[in-house]
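No letters, just coordinates:
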């Protein structure tokens, strides 16, 4: 039997690692393996160091992960995840349990000008349009981006029903395990939760996501409504909100999250911060 070690386990992932649980490989990426639990949740075995509520970070000979296939069974046997087809196990004991840090104090918010200055270095028309909707919206021609701007406008002055209708239309929009529309909503819901914003439509949106998009996206939207996410999202949100020196680096790290996921999650985070700051005026 070949062995890998667990470095860190997200708090939510621990719920599905009970002895006797049956899991299976759900998806494969260059960054790790997505595992299907028997409780409608997806957890991630990661080759990277970035932590998250549904992530198990691994160490050791990571090339052992190269030959797994979708559907391969996995057993939780005592303190190990066992891949019987490959003769490989992952030791679960001795790892840190990861929780996101406490949300920043609302009084520590940076000025809108400071946040815009940080984001301007990334030269993204969608971010510019979210920060200054009327003057920059004509630069955004992508169908998903335009739907996002409709949602941003509704958040600024629409009713909960109007916001929910537009947000629900973004569910499942785009391709991949986490479509682009979902990535935006993950960032937006995370921002809402970490700033204790008074909006109330996010939980209804989370409930709808289980019927309208991938299970992975639905899981990530749900944990985002509690203020939890991959630490790249959390760090980018909190440092950008406070306008710290680390914000540009954190945003750049977030942009490396998936092919388009980081960009869309950043747009959602930005929309949430803009909403909060305007509510304070």
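Okay, I see it. This one's a predicted model, so the numbers in the text were calculated from it and none came from an experiment.

for the stretch 101-250 of the chain, what spans make up the helices?
112-120, 125-131, 133-136, 143-157, 160-170, 180-194, 202-212, 215-224, 231-242, 247-255 (DSSP state H, counting those that start in this stretch).

ok, now which ones touch the residue nearest the centre of the chain?
When CA atoms, centre = their mean is applied to the chain, the residue found nearest the centroid is residue 229 (4.8 Å). Counting by CB atoms under 8 Å, 6 or more residues apart in numbering, residue 229 touches 52-53, 100, 186, 190, 220, 223. Quick note: C-beta positions are derived from backbone N, CA and C, even for glycine.

From residue 19, how far out is residue 233?
In this view, residue 233 and residue 19 are 31 Å apart by CB to CB, to the nearest Å.

Which of those two has more residues huddled nearby?
Comparing residue 233 with residue 19 by other CB atoms under 10 Å, the one with more neighbours is residue 233, at 31 against 10.

Just the closest of the contacts of residue 229 to residue 243, please.
Closest to residue 243 out of the contacts of residue 229 is residue 190 (18.0 Å), distances taken as CB to CB.

ok, the closest one touching residue 269?
Yes. With contacts counted by CB atoms under 8 Å, residue 190 reaches residue 269, the gap being 6.7 Å.

Quickly list what's touching both of those two.
Contacts common to residue 190 and residue 269, judged by CB under 8 Å, 6+ apart, are 233, 237.

sec struct for residue 4, please.
What DSSP: H, G, I helix; E, B strand; the rest coil gives for residue 4 is strand.

Report the beta-bridge partners for it.
residue 90 (DSSP bridges).

Please apply the same query to residue 73.
residue 24.

Let the chain start at 374 from now.
Renumbered: residue one is now 374, and that last one reads residue 446.

pLDDT wise, what is it at?
For residue 446, the pLDDT comes out at 94.

and it, what does it touch?
395-397, 456-458.

about what we covered before: how about the residue nearest to the centre of the chain, phi and psi?
Here is the backbone geometry of residue 602 (degrees, to the nearest 10): phi -170, psi 170.

what's the distance between it and residue 565?
12 Å.

Please report how far residue 492 lies from residue 549.
Taken as CB to CB, the span from residue 492 to residue 549 is 24 Å.

I meant residue 647, not that one.
26 Å.

In terms of neighbours, single out the busier of the two.
The residue with more neighbours, out of residue 647 and residue 549, is residue 647; 21 against 17, by other CB under 10 Å.

Hmm, that one is touching residue 505, no?
No. Contact criterion CB under 8 Å: residue 647 and residue 505 do not qualify, at 9.6 Å.

Now the longest helix along the chain: buried residues?
Across the chain, the longest stretch assigned as helix under DSSP state H is helix 634-653. By neighbour count on 16 or more other CB atoms under 10 Å, the buried set for helix 634-653 is 634-650.

Stretch 492-506 too?
Residues of stretch 492-506 classed as buried: 492, 497, 499-504 (neighbour count, 16+ other CB under 10 Å).

Would you check which pair of these lies furthest apart?
The span of these, defined through CB to CB, is set by 492 and 502 at 11.4 Å.

isn't residue 639 right next to residue 610, touching?
No. Using CB under 8 Å as the test, residue 639 is too far from residue 610 to be in contact (9.0 Å).
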